[in-house]
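**Student:** what's the 3D shape of this:
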Amino acid sequence: MARLFGTDGVRGIANEELTPLMAMQLGQAGAYVLTKQTQHKPTIMVGCDTRISGDMLANALMAGVCSVGANAVYVGVIPTPAVAYLTRKYKVDAGVVISASHNPVEFNGIKFFNGDGYKLSDDLEDEIEALINNNMAGVKFPTGTGVGKIKYRNDAREEYINHAMRKIPVNLNGMKIVVDCAEGASFYTSVETLKELGAQVIAIHNNPDGTNINANCGSTHMQELQARVVYEKAQVGLAFDGDADRMLAVDENGKIVDGDQIMAIIGNHMKHQGKLKNDTIVATVMSNLGFYIMANEQGLNIEQTKVGDRYVLERMREIGAVLGGEQSGHVILLEENTTGDGLLSALHLLEVMVDTGKPLSELASIMSVMPQALVNAKVPTHKKDKYMEYPEIAKAIEDLEAMFAGEGRVLIRPSGTEPKVRVMIEGKDQEVIEREAKKLADLIQNTML
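**Tutor:** Presented below is the predicted three-dimensional model:
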């Protein structure tokens, strides 16, 4: 049986794969495992993004939490990094976010934070999963006054906004910013923060209705933002994903500035200020080769991990790094929050623009981006880790690696959150790498169906 938890919690199509029953069981098992050592009545904080299934799953999960004797605090629609921060601030025992991040509306997910605001280790996730598979064997369900209750808080998002402004009190007077909120959890927090700091904000896709999250908008669909920045003659555009733990930018010319470039800009600024510990940034194998060339030129050290912001975070904690992230826009600033935080990374980027007086296009030129092609092959979830077991796929990958040796690279990996195998090729010729990536993705998809 496939593991319940992926790289970012439990994901699936809401009401089909991720059912209210599953949410309730996760609430029960999660609350029990994360609080069994406490000597008090534990409390779990719960927030969600804007997708329509959020209410259904949040209430089912909180019913599970209460059924094992824990209390729940529901903070409503709020970014994932806000839950991580507020779990620590309010000193609750754990936090839960109901969100499928950048995925389409039919998906949803459940991810846990421990009392310190960190995503759970594989061992803890396995313990929760085992408890569910064993039908909560050995768990005593209280009755009467022993059951938990739910408290609703409406001030949580203001607390998060205040935290962001305290950490990066940059003066944005005179700056025009276009913000794409992805019809998601940042629709209020990002806009209000930037306005409070003095920016002229043009917000797009900030009217979520439960069904439009990530629909041709946000950090995975940036064409409209690119055009709008140029039309408005704005200095910068910011694009969040559905739960606002990632952010990508657009420069004044309408060109995308990705997570690697954002880390390069922020990292070099921190280095010059003496704030980048050991001059080190933690990145994943998906980071562009240009990022590593930039690091070598600028005297930066890059620590490399497998894909997933949780693995970036684990390595950051191991070595004491303060900056890390992914090309996709997850940027972790560990002295300010314990997970990827789109708003904090946006404010840091804007701070560099203000401090240097340079346009974003000039700042982004610190690294040259080598052409990349990324093509997804749709495969059954239970097969996505087994692509190398097919001889024709293994041979095709071997041939591609030989073709690009010395002039690029080939990276194949199963998605941690979707039923897909991702094919990424870097090389000098965009047309060639796109053709070869599509050819291999088609082979994987057709062979593994």
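
**Student:** and the gap between the residue of the chain positioned farthest from its centre and Gly69?
**Tutor:** Distance to the chain centre peaks in the chain at Gly144, reaching 39.8 Å (criterion: Cα atoms, centre = their mean). Note on Gly144: its distance to Gly69, by Cβ to Cβ, to the nearest Å, is 11 Å. C-beta coordinates here come from the backbone N, C-alpha and C atoms, glycine included.

**Student:** what does Ile132 give?
**Tutor:** 18 Å.

**Student:** more neighbours: which of the two?
**Tutor:** Comparing Ile132 with Gly69 by other Cβ atoms under 10 Å, the one with more neighbours is Gly69, at 20 against 15.

**Student:** does that one touch Lys41 like I think?
**Tutor:** Yes: in terms of Cβ atoms under 8 Å, Gly69 counts as a neighbour of Lys41; the distance is 6.8 Å.

**Student:** who touches both of the two?
**Tutor:** Among the neighbours of Gly69, those also in contact with Lys41 (Cβ atoms under 8 Å, 6 or more residues apart in numbering) are Gly148.

**Student:** end-to-end on stretch 171-181?
**Tutor:** Stretch 171-181 stretches 21 Å from its first residue to its last (Cα to Cα, to the nearest Å).

**Student:** so what's the residue count around the closest residue to Thr284 other than its chain neighbours?
**Tutor:** Distance criterion Cβ to Cβ, 6 or more residues apart in numbering; nearest residue to Thr284, sequence neighbours excluded, is Val307 at 4.9 Å. Residues near Val307, counting by other Cβ under 10 Å, number 22.

**Student:** what's the closest non-adjacent residue to Met62?
**Tutor:** Met62 sits nearest to Ala72 (Cβ to Cβ, 6+ apart), 4.2 Å away.

**Student:** just checking, what packs against the strand or helix carrying Leu374?
**Tutor:** Assigned by DSSP states H and E, Leu374 falls within strand 372-378. Applying 3 or more Cβ pairs under 8 Å, 6 or more residues apart in numbering; DSSP states H and E, we find strand 372-378 packed against strand 420-426, helix 430-448.

**Student:** next, Ile393: secondary structure please.
**Tutor:** Under DSSP: H, G, I helix; E, B strand; the rest coil, Ile393 falls in the helix class.

**Student:** now do it, the pLDDT please.
**Tutor:** Ile393 carries a pLDDT score of 94 in this model.

**Student:** contacts for the lowest-mean-pLDDT helix or strand in the chain next, please.
**Tutor:** None of the helices or strands of the chain scores lower by mean pLDDT, DSSP states H and E than strand 409-414, at a mean of 89. Defining contact as Cβ under 8 Å, 6+ apart, one finds that strand 409-414 is touched by 285-286, 289, 307, 384-385, 387, 397, 400-401, 404, 420-426, 440.

**Student:** try it again with 7 Å
**Tutor:** 285-286, 307, 384-385, 387, 397, 400-401, 404, 421-426 (Cβ atoms under 7 Å, 6 or more residues apart in numbering).

**Student:** tell me the SS of the residue nearest the centre of the chain?
**Tutor:** Residue closest to the average C-alpha location in the chain (Cα atoms, centre = their mean): Asp245, at 4.5 Å. Counting by three-state DSSP, the backbone at Asp245 sits in coil.

**Student:** rewinding a little: switch the helices and strands packed on strand 372-378 over to a markdown table; also include mean pLDDT, distance to His205 and mean neighbour count.
**Tutor:** Formatted as a markdown table, the helices and strands packed on strand 372-378 follow (pLDDT from 0 to 100; distance: least, Cβ to Cβ, whole Å; neighbours: other Cβ atoms under 10 Å):
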| stretch | mean pLDDT | distance to His205 | mean neighbour count |
| --- | --- | --- | --- |
| strand 420-426 | 92 | 24 | 23 |
| helix 430-448 | 94 | 28 | 18 |
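
**Student:** and those: which comes nearest Ile302?
**Tutor:** Closest to Ile302 of the helices and strands packed on strand 372-378, according to Cβ to Cβ: strand 420-426, at 15.7 Å.

**Student:** so in that sheet, which strands flank that closest one, and in what orientation?
**Tutor:** strand 372-378 (antiparallel), strand 409-414 (antiparallel) (DSSP bridges).

**Student:** and the angle from that strand to helix 430-448?
**Tutor:** Counting by axes from the mean of the first three to the mean of the last three Cα atoms, to 10 degrees, strand 420-426 lies at 150 degrees to helix 430-448.

**Student:** contacting residues around strand 420-426?
**Tutor:** 286, 288-289, 370-379, 384, 387, 404, 408-415, 433, 436-437, 440-441, 444.

**Student:** which among those residues end up buried?
**Tutor:** Neighbour-count burial (16 or more other Cβ atoms under 10 Å) is assigned, among those, to 286, 288-289, 370-377, 379, 384, 387, 404, 408-415, 433, 436-437, 440-441, 444.

**Student:** what sits closest to Lys342 if chain neighbours are left out?
**Tutor:** Heads up, residue 342 is Gly, not Lys. Nearest one to Gly342, counting by Cβ to Cβ, 6+ apart, is Met247 at 3.5 Å.

**Student:** check contacts around that neighbour.
**Tutor:** 219, 238-240, 329, 342, 345-346.

**Student:** any of those residues buried? List them.
**Tutor:** 219, 238-240, 329, 342, 345-346.

**Student:** just the helices in this protein please.
**Tutor:** Ranges of helices in the chain, per DSSP state H, are 20-35, 54-67, 80-89, 122-133, 156-167, 186-196, 223-232, 259-272, 289-298, 309-319, 342-356, 360-364, 391-404, 430-448.

**Student:** run through the neighbouring helices and strands of the first one.
**Tutor:** Right, the one you point to is helix 20-35. When contacts are defined as 3 or more Cβ pairs under 7 Å, 6 or more residues apart in numbering; DSSP states H and E, helix 20-35 packs onto helix 54-67, strand 94-98, strand 107-114, helix 122-133.

**Student:** again, 10 Å this time
**Tutor:** strand 10-13, strand 43-48, helix 54-67, strand 71-77, strand 94-98, strand 107-114, helix 122-133 (3 or more Cβ pairs under 10 Å, 6 or more residues apart in numbering; DSSP states H and E).

**Student:** same thing with the shortest one?
**Tutor:** Contacting helix 360-364 under the criterion 3+ Cβ pairs under 10 Å, 6+ apart are the following elements: strand 236-240, strand 247-250, strand 256-257, helix 259-272, helix 342-356.

**Student:** dump these to CSV, plus distance to Ser99 and mean pLDDT.
**Tutor:** Compiled in CSV, the helices and strands packed on helix 360-364 are given as follows (distance: least, Cβ to Cβ, whole Å; pLDDT from 0 to 100):
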stretch, distance to Ser99, mean pLDDT
strand 236-240, 12, 98
strand 247-250, 15, 98
strand 256-257, 24, 98
helix 259-272, 19, 98
helix 342-356, 13, 98
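
**Student:** since that was my last question, I'll sign off now.
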